[in-house]
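got a sequence here, can you model it:
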Amino acid sequence: MIFDLLEGVLRDLLGKLGLSTFSYRNNEMRERMLSDILATLSQIEGIDKDFLKFIEIFLCDIRGDNYRNDIAHGLLSLEAFTKENAQLLLLILIQLASYSIVKKDK
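The predicted structure is shown next:
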């Protein structure tokens, strides 16, 4: 599913930045959740904070569509899989593809 791809791309971005892609919850090591990934990336210089906020609200915030959560829990009807939502997901992937990681000299 495209959400797994999107989450994987963001998690890989963390890894390329030298940041942990895992976290510990209940004494268990797990992959970082999308909201945690977005919060971490928002601290990185050069990444568009507004773009990350858009992803957060569209995919995992109850103030927005909460689209990822609703799909993951089977809460959406077939009508929710609209052309517009597909275009927004593709827009997110295209925007992410434009980032390149450059090591900053200190």
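
can you point out the buried residues in stretch 4-23?
Buried residues in stretch 4-23, counted by 16 or more other CB atoms under 10 Å: 6-7, 10-11, 13-14, 21. To be clear about C-beta, it is placed using only N, CA and C from the backbone, and glycine gets the same treatment.

contact partners of it?
Stretch 4-23 has contacts (CB atoms under 8 Å, 6 or more residues apart in numbering) with 29-34, 36-38, 40-41, 44, 59, 89, 92-93, 96, 99, 101.

swap the cut-off to 10 Å and go again
Contacts made with stretch 4-23 from outside it, assessed by CB atoms under 10 Å, 6 or more residues apart in numbering, are listed as 1, 28-34, 36-38, 40-41, 43-44, 47, 52, 55, 59-60, 68, 72, 89, 92-93, 96-97, 99-101, 103.

by mean pLDDT, which helix or strand of this protein comes out lowest?
Across the helices and strands of the chain, mean confidence by mean pLDDT, DSSP states H and E is lowest for helix 67-72: a mean of 78.

counting contacts, what elements does the helix or strand that it is followed by pack onto?
For helix 67-72, the succeeding helix or strand toward the C-terminus, using DSSP states H and E, is helix 83-97. Identification of packing neighbours for helix 83-97 by 3 or more CB pairs under 10 Å, 6 or more residues apart in numbering; DSSP states H and E yields helix 2-16, helix 49-60, helix 67-72.

mind putting the buried residues of stretch 4-23 in TSV, pLDDT and distance to Ser77 included?
Listed next are those as TSV, based on pLDDT from 0 to 100; distance: CB to CB, whole Å:
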residue	pLDDT	distance to Ser77
Leu6	85	22
Glu7	85	23
Leu10	91	27
Arg11	91	29
Leu13	91	32
Leu14	91	33
Thr21	91	33
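
show me where pLDDT drops low in the chain?
Scanning the chain for pLDDT under 70 picks out the ranges 1, 3, 103-106.

report the contact partners of the residue lying closest to Asn69 once chain neighbours are set aside.
Residue nearest to Asn69 in three dimensions, not counting chain neighbours: Cys60, with 5.9 Å by CB to CB, 6 or more residues apart in numbering. Contacts of Cys60 were listed using CB under 10 Å, 6+ apart, and they are 3, 7, 33-35, 37-38, 66-70, 72.
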